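Undergrad: sequence and predicted model, in that order:
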Amino acid sequence: MRKNKFIKGIKSKAKQIGLSIKNFFIHLVLKMKRLMKEFKKDPKKFIKKRYKRFKKACVRNKDFVAFVAVSVLNSTVLRFVTVHNYFAIKPFLADLSVVLFIGSFGFLIKPKRRNAYFIGFNIFLTLICFINSIYYTFYSSFSSVSLLATSRFVVDVGDSVTENVFQVKDLIYWIGPIFLIWYYRHLKKKHFVKSDASKKKFVHSIVAALVCLFFFVITLTPLEIGRFAKQWNREYIVTKFGLYTYHINDLIQSIKPQLSSLFGYDKAMKEFKAYYEERDTSHEENKYTDIFEGKNVIVIHAESLQNFVIGLKINGQEVAPNFTKLAKEGLYFDNFYTQVSVGTSSDSEFTFNTSLMPSYNGTVFVSYFDREYVSTPKLLKEKGYYTFSMHANTGDFWNRNVMHQNLGYDRFYSKDDYEVLDEDIVGLGLSDESFFAQSVDYIKEIKEKNQPFLGTLITLSNHTPFSDTDKYGDFKVSLIEKDESGNEVEYPYLEGTKLGNYLKSVHYADKAFGEFVEKMKQEGLWENTVLVVYGDHDARLPKNDFVRMYNYDKENDDILPEDDENYVEFGSYQYELNRKTPFIIWTQDQEVSGTIHNVMGMYDVQPTLGNMFGFSNPYALGHDIFDIKDKNIVVFPNSDWVTNKVYYNAQKGEYLALTQEPISEDYIEQCNTYASSLLDVSNDIVVYDLIRKEREASESYTEEVSE
Ligand code: GP9
Ligand code: MN
């Protein structure tokens, strides 16, 4: 009886709510119709009348107006500071409609509590701007709800955040709520009378929000809508859709994968099958095919090692003599790009091992660690290899404890396996010198018991912010030259810059690496063993430091003027191209050597090594570089791409030609289509666990047939 009453109660409440929503929409539609009619009748009169009313409404609702103005101003300033999106009407309208929409609910609240509502929401919106401001400095992109799971790692590399990222400019957004609080007090003192809670005012401000939205939507192009739906080009979306709309879309897009079993799976599976059916997987044998079959492999994941340091000298002294020597002796790929997203190190490890791209919703190591991947360790295990990885940071950093196991490493040696003495700390943790020395002892043990083996060693010392300069040893980044009378003169050059500190740090990491190569040699561990080295991503160094490095005017301790004949252009494209990292394959007997200039990406590593060691992954997105040669295209997670001919910036829709050859629109179009479907299929594999689903389907089919 009681239960029935309760259910009846709920039903009638739901009916009431349903009715009010229905009435609201009817009211809204009627209002819009009335306005349209009025406008059509006499547009001039209509605008005059509305403007008058608008002015009156603004004066009567100063509290609401202040909330809207401050909130929109904050997001506009953020766009100014980050993407330099000055006075753009589109994102302004989008942000304005979101804020008007939020603000309109204030009119349903009693006047006494309304200020608290406005201030509360303004603080929330300010927090969004503040977080994005910090995030942009660090990642040159905007934050995402799906990245919340990875934010811990940003905190763990905390010294870099506080020292280099958290800046005074990030605080300017808080002026907004402070002003709002002050202004509301001021209004109170002036006995400003707030309007009563009113459904009419609520509807009016919703109409205002819809009008802004309408003018915003009619200006959108199909390309913009398409990118909005995909959401991976975050800078682009903030530039065109404003920050608040971006975040609403981001929230929806981030929840979507969690509901993947309900939405989109069938479509993803269909596209995945079509993609691999259409993809040309034919592979021609080449002079490297199977040359290393059965040999051991040691992979060095060199933290933040950029390619420009190879061969670079300051005062005649090599910055990285050991890596440079290796590049000269071995097979060196000098046009190699990593393809990382916000998962930085972990994204590199992922793409290196699977030839798939990082996900655009979250980080694979953290959010998609339980999916099935066809990885190099697993493929080598099928050939009888023992596989291990080593890294002296805590095992749960980037969720490596779990993910390295999933990738097929038999054993992951982490911080607990190393003796970490205080005097051996450099930067984020155990110094590379100590890490390498202890690792060699482990490798010796492994070699005695388990051959062949694959071992990946992940270094740590050369990590941003490169501020442990007193531990890097003596490497001068000031310029030392002789004057006319033969006296030595020292010019500051890169001393005190982040790039200067980076070079000192690289010099240290290089020394540690040199000692490792030597120790391995002494222990006879290079016999029958191939060494593979890659830089895991760029070091996020300031562009202006490079401008200084290439254009130093020592006489004035300044940068050469741009019209100087020796001035070297270092703009945003040069910066992107300079993010290259080295990739080297080396053996003691120099079985392979030479420099390969064709553009190559991290996703080409697995197929290239696969050709040499005799394994292959049917889902690889990259190619054996000796097969694809100069036809290669490297796609980046933000949908930029690079070929031997062009660097394409997807956010701007512009490109830089890298040769004299004319570039046709068709070529750009084809590469864009290639990049977009590659990113889609990669993301779907990760999010929907398609490799596992495909395997399970084919297994159950085999079972059925054999029954
Ligand atoms: C942490 C190290 C650094 O263990 O690998 O990760 P990163 O900050 O470069 O992604
Ligand atoms: Mn890294």
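TA: Received the coordinates, thanks. Ligands and ions are numbered 1, 2, ... in the order given.

Undergrad: which residues of the stretch 201-350 of the chain score low on pLDDT?
TA: Within the stretch 201-350 of the chain, the segments meeting pLDDT under 70 span 230-232, 256-262.

Undergrad: next: the stretch 401-550 of the chain.
TA: Within the stretch 401-550 of the chain, the set of residues satisfying pLDDT under 70 is empty.

Undergrad: show me which residues of it are close to ligand 2?
TA: Counting by C-beta under 5 Å from the ion, the stretch 401-550 of the chain comes close to ligand 2 at residue 536. Any C-beta I mention is one placed from the backbone N, CA and C, and that applies to glycine too.

Undergrad: run through the stretch 51-200 of the chain and note the low-pLDDT ranges.
TA: Applying pLDDT under 70 to the stretch 51-200 of the chain picks out residues 139, 146-166.

Undergrad: residue of the chain nearest ligand 2, please.
TA: residue 345 (3.2 Å; C-beta to the ion).

Undergrad: tell me which helix or strand comes right after whichever strand or helix holds that residue.
TA: Per DSSP states H and E: residue 345 is located in helix 344-354. Under the assignment DSSP H and E, the closest C-terminal helix or strand after helix 344-354 is helix 364-367.

Undergrad: list the helices and strands the helix holding residue 345 packs on?
TA: Where contact means 3 or more C-beta pairs under 8 Å, 6 or more residues apart in numbering; DSSP states H and E, helix 344-354 is packed against strand 296-302, helix 364-367, helix 376-381, helix 400-406, strand 453-458, helix 605-613.

Undergrad: contacts made by it with the rest, please.
TA: With contact meaning C-beta atoms under 8 Å, 6 or more residues apart in numbering, helix 344-354 is reached by 299, 301, 303, 338-341, 343, 356-358, 363-366, 373-377, 398-400, 403, 407, 456, 458, 534, 536-537, 601-603, 605-606, 617, 619-620, 637.

Undergrad: hmm, which of these are the buried ones?
TA: The neighbour count (16 or more other C-beta atoms under 10 Å) marks 299, 301, 303, 338-341, 343, 356-358, 363-366, 373-377, 398-400, 403, 407, 456, 458, 534, 536-537, 601-603, 605-606, 617, 619-620, 637 as buried among those.

Undergrad: could you list which of these also contact ligand 1?
TA: Filtering the buried ones among the contacts of helix 344-354 for proximity to ligand 1 by C-beta under 6 Å from any ligand atom leaves residue 458.

Undergrad: quick check: nearest residue in space to residue 505, chain neighbours excluded?
TA: Of all residues not flanking residue 505 in the chain, residue 466 sits nearest, at 4.3 Å (C-beta to C-beta, 6 or more residues apart in numbering).

Undergrad: quick one: residues contacting that neighbour.
TA: Going by C-beta under 8 Å, 6+ apart, residue 466 touches 427, 498, 501-502, 504-505, 539.

Undergrad: could you rerun that using 6 Å?
TA: Residues near residue 466 by C-beta atoms under 6 Å, 6 or more residues apart in numbering: 501-502, 505.

Undergrad: got the phi/psi numbers for it?
TA: Backbone torsions of residue 466, given as degrees, to the nearest 10, read phi 50, psi 40.

Undergrad: now it: how far from ligand 1?
TA: From residue 466 across to ligand 1, the span is 12 Å (C-beta to the nearest ligand atom, to the nearest Å).

Undergrad: again with residue 706
TA: In terms of C-beta to the nearest ligand atom, residue 706 sits 46 Å off from ligand 1.

Undergrad: got the residues of the chain near ligand 1?
TA: Counting by C-beta under 6 Å from any ligand atom, the residues of the chain lying close to ligand 1 are 157, 344-345, 393, 397, 458, 460, 463.

Undergrad: between those residues, which is closest to residue 315?
TA: Checking the residues of the chain next to ligand 1 against residue 315 by C-beta to C-beta gives residue 463 as the nearest, at 25.5 Å.

Undergrad: element containing the closest one?
TA: Using DSSP H and E, no helix or strand contains residue 463.

Undergrad: quick one: contacts for it?
TA: Contacts of residue 463 by C-beta under 6 Å, 6+ apart are 303, 427-428.

Undergrad: ok, it to residue 539 distance?
TA: 9 Å (C-beta to C-beta, to the nearest Å).

Undergrad: and if you look at residue 697?
TA: Where residue 539 is concerned, residue 697 sits at a distance of 44 Å (C-beta to C-beta).

Undergrad: do the same with residue 630
TA: Distance from residue 630 to residue 539, counting by C-beta to C-beta: 28 Å.

Undergrad: how many other residues sit next to residue 469?
TA: As a burial measure, residue 469 scores 15 neighbours (other C-beta atoms under 10 Å).

Undergrad: residue 294 too?
TA: Other residues close to residue 294 by other C-beta under 10 Å number 13.

Undergrad: list the contacts of the residue nearest to it when sequence neighbours are not counted.
TA: Nearest non-adjacent residue to residue 294, counting by C-beta to C-beta, 6+ apart: residue 452, 5.8 Å away. Counting by C-beta under 6 Å, 6+ apart, residue 452 makes contact with 294, 296, 385.

Undergrad: got CSV for those, with distance to residue 224 too?
TA: What follows is the contacts of residue 452, written out as CSV (distance: C-beta to C-beta, whole Å):
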residue, distance to residue 224
294, 53
296, 51
385, 48
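
Undergrad: render the CA-only coordinates of stretch 317-325 in CSV, please.
TA: Provided in CSV are the C-alpha atoms of stretch 317-325 (Å, rounded to 0.1, in the frame of the first residue of the first chain):
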residue,chain,number,x,y,z
GLN,A,317,83.8,20.1,-28.2
GLU,A,318,81.2,17.6,-29.1
VAL,A,319,77.9,17.8,-27.1
ALA,A,320,77.2,14.0,-27.5
PRO,A,321,80.4,12.3,-28.7
ASN,A,322,79.2,8.8,-27.9
PHE,A,323,75.8,9.0,-29.6
THR,A,324,77.5,10.7,-32.5
LYS,A,325,80.1,7.9,-32.8
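
Undergrad: quick check: buried residues in that stretch?
TA: Result for stretch 317-325 [16+ other C-beta under 10 Å]: buried residues 318-320, 322-325.

Undergrad: so how far is it from its chain's centroid?
TA: Its chain's C-alpha centre and that of stretch 317-325 lie 30 Å apart, by C-alpha atoms, centre = their mean, to the nearest Å.

Undergrad: which residue ranges make up each domain of the chain?
TA: When the chain is parsed with automatic domain parsing, its domains come out as 1-33, 42-263, 291-459+528-544+579-706.

Undergrad: one step back: between the helix holding residue 345 and helix 605-613, how big is the angle?
TA: If you take axes from the mean of the first three to the mean of the last three C-alpha atoms, to 10 degrees, helix 344-354 sits at 40 degrees to helix 605-613.

Undergrad: how far out from the middle of the chain is the host helix or strand of residue 77?
TA: According to DSSP H and E, residue 77 maps onto helix 62-81. Counting by C-alpha atoms, centre = their mean, helix 62-81 is centred 27 Å from the centre of its parent chain.

Undergrad: for the helix or strand residue 445 falls within, packing partners?
TA: Element membership for residue 445 (DSSP H and E) is helix 432-449. Here helix 432-449 touches helix 498-522, going by 3 or more C-beta pairs under 6 Å, 6 or more residues apart in numbering; DSSP states H and E.
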